[in-house]
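> I would like to see how this sequence folds:
(chains A, B, C and D)
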2 protein chains.
Amino acid sequence: MAAGRSATRTGGRVLEKAPVSLTEARRLAELFQLLADATRARILYTLLEVEEMCVNDLAAILDVPETSVSHALRLLRIAGVVKNRRAGRLVYYSLDDHHVRMLLATTREHVSHRFS
Amino acid sequence: MAAGRSATRTGGRVLEKAPVSLTEARRLAELFQLLADATRARILYTLLEVEEMCVNDLAAILDVPETSVSHALRLLRIAGVVKNRRAGRLVYYSLDDHHVRMLLATTREHVSHRFS
DNA sequence: AGAATATATGAAGAGTTGCTCATATGTTGG
DNA sequence: CCAACATATGAGCAACTCTTCATATATTCT
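Below you'll find the model as predicted:
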């Protein structure tokens, strides 16, 4: 069965409604999805540290093909997580979301603890 | 080309090393991947609120098939994010990672701000 | 204008994910 | 022990994701 009130004996202690709605959860999941890729994550944590960096330097420092970085940045840009500014042939990227920045800062700490 | 020092003119302002190593990034991504699904996210935020809930109640409150919840819980359990305790036929799940709990608490706030 | 550099984009393929259906396991009550 | 209930697991499939290769666009320099 799909759902609708639980059939018989259950655990009691039941909330009337889920604390996070389905649409809210989808948005959340979408945001986390952006961090759920090693390349994108590394880009973001790098930008957290250096404030601004161009595509080629990101590719070099992360040791990832430029085209791959470019694709990654596109997704992040579309999601409004990073912004870019052009300077000649170079395009500089930087973080563009206060909440994501805090999220990154927070997780950076937590995660280093989590694996040790 | 794959990488190795940037070929020509770049942006200056280059870090010597990426701030997050590839393996560290992979672990991070793996963790975020767990939150990158609406069902799993809703389960976790629910558990954040009620401390403990059995599978059937979760399925009912989220309006998601039980088998789906069960699969989701399996992943979370394997990752060490939730733990379970059996009480008769019921199995109660709860959060089992201090860092993830803080991550959830933090993001819960940020995200509600992010979409408004 | 033409060549070189920096970045962006599209498309195709391999791999992964999450869902559903069927079935298995664990537990209680009659 | 058998039936009913609660949860878990496996297989198969459709959808999505990431990478790579090819190519397009933008900018500078000579």
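
> disregarding flanking residues, what is the spatial nearest neighbour of the spatially most central residue of chain A?
Chain A has residue A:35 as the residue nearest its centroid, 3.2 Å off, counting by CA atoms, centre = their mean. Nearest residue to residue A:35 in three dimensions, chain neighbours excluded: residue B:32, at 4.1 Å (CB to CB, 6 or more residues apart in numbering or on different chains). Where C-beta positions appear, they are placed from N, C-alpha and C, glycine not excepted.

> isn't the one you found right up against residue A:32?
Yes - using CB atoms under 8 Å, residue B:32 is in contact with residue A:32, at 4.9 Å.

> is it true that residue A:84 touches residue A:93?
Yes - counting by CB under 8 Å, residue A:93 is a contact partner of residue A:84 at 4.9 Å.

> need the residues touching each of the two.
A:73, A:77 (CB atoms under 8 Å, 6 or more residues apart in numbering or on different chains).

> ok, these two, which is more surrounded?
residue A:93 (23 against 16; other CB atoms under 10 Å in any protein chain shown).

> give me the buried positions along the lengthiest helix in chain A.
In chain A, taking DSSP state H as the definition, the longest helix is helix A:98-114. Within helix A:98-114, the residues scored as buried using 16 or more other CB atoms under 10 Å in any protein chain shown are A:99, A:100, A:101, A:103, A:104, A:106, A:107, A:108, A:110, A:111, A:114.

> coming back round to it: who does the strand or helix carrying the residue nearest to residue A:35 touch, helix- and strand-wise?
Residue B:32 belongs to helix B:22-35 when assigned by DSSP states H and E. The contact analysis (3 or more CB pairs under 8 Å, 6 or more residues apart in numbering or on different chains; DSSP states H and E) places helix B:22-35 against helix A:22-35, helix A:38-50, helix A:98-114, helix B:38-50, helix B:98-114.

> ok, is it in contact with DNA strand C or not?
Yes - Helix B:22-35 comes into contact with DNA strand C (CB under 7 Å from any atom of the strand), by way of residue B:33.

> using PDB, list the CA coordinates for that helix.
Extracted C-alpha coordinates of helix B:22-35, given in PDB (Å, rounded to 0.1, in the frame of the first residue of the first chain):
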ATOM      1  CA  LEU B  22      40.200  14.300  -3.100                       C
ATOM      2  CA  THR B  23      39.500  11.500  -0.600                       C
ATOM      3  CA  GLU B  24      38.200  14.000   2.000                       C
ATOM      4  CA  ALA B  25      35.900  15.400  -0.700                       C
ATOM      5  CA  ARG B  26      34.700  12.000  -1.600                       C
ATOM      6  CA  ARG B  27      33.700  11.200   1.900                       C
ATOM      7  CA  LEU B  28      32.000  14.600   2.200                       C
ATOM      8  CA  ALA B  29      30.100  14.000  -1.000                       C
ATOM      9  CA  GLU B  30      29.100  10.600   0.200                       C
ATOM     10  CA  LEU B  31      27.600  12.100   3.300                       C
ATOM     11  CA  PHE B  32      25.800  14.800   1.400                       C
ATOM     12  CA  GLN B  33      24.500  12.200  -1.000                       C
ATOM     13  CA  LEU B  34      22.600  10.700   1.900                       C
ATOM     14  CA  LEU B  35      20.700  14.000   2.400                       C
END
